[in-house]
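Asks: Just the structure for this:
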Amino acid sequence: MYLLWWIIVGLVAGWATGKIMKGAGYGVLMDIVIGIVGALIGGFVMRLAGFSAAGGLIYTILVAILGGVILTWIVRQLKKA
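Replies: Got it, this is the predicted structure:
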């Protein structure tokens, strides 16, 4: 069940990241991957900023979106170079 939770959060966060960053999109599978990796990056950034990791579904999705936006920005910067 825990894996399903990560997939759902990843899909929602990846989709929202795609809308925020206004890209061509990467497809459903890559949206899930971006969301999951974004959740890890976002969690790391939030801990560095001093926020606790405790939160519900909305907090988790927002942190994953933040991380997804950061990840997408980094990937786009690397593609330009």
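
Asks: and K79, what helix or strand is that in?
Replies: When elements are assigned from DSSP states H and E, K79 belongs to helix 57-80.

Asks: which helices and strands does that helix pack with?
Replies: The elements that helix 57-80 packs onto, with contact taken as 3 or more Cβ pairs under 8 Å, 6 or more residues apart in numbering; DSSP states H and E, are helix 2-21, helix 28-48. Quick note: C-beta positions are derived from backbone N, CA and C, even for glycine.

Asks: Same list (those) but as CSV, adding mean neighbour count.
Replies: Shown next, in CSV, are those (neighbours: other Cβ atoms under 10 Å):
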stretch, mean neighbour count
helix 2-21, 17
helix 28-48, 18
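
Asks: In contact with the closest residue to I41 other than its chain neighbours, which residues?
Replies: Once its chain neighbours are removed from consideration, I41 has its nearest residue in G67; the separation is 3.5 Å (Cβ to Cβ, 6 or more residues apart in numbering). Contacts were defined as Cβ atoms under 8 Å, 6 or more residues apart in numbering; by that measure G67 touches A13, V37, G38, A39, L40, I41, G42, G43, F44, V45.

Asks: and with 6 Å instead?
Replies: Applying Cβ atoms under 6 Å, 6 or more residues apart in numbering, one finds that G67 lies in contact with G38, A39, I41, G42.
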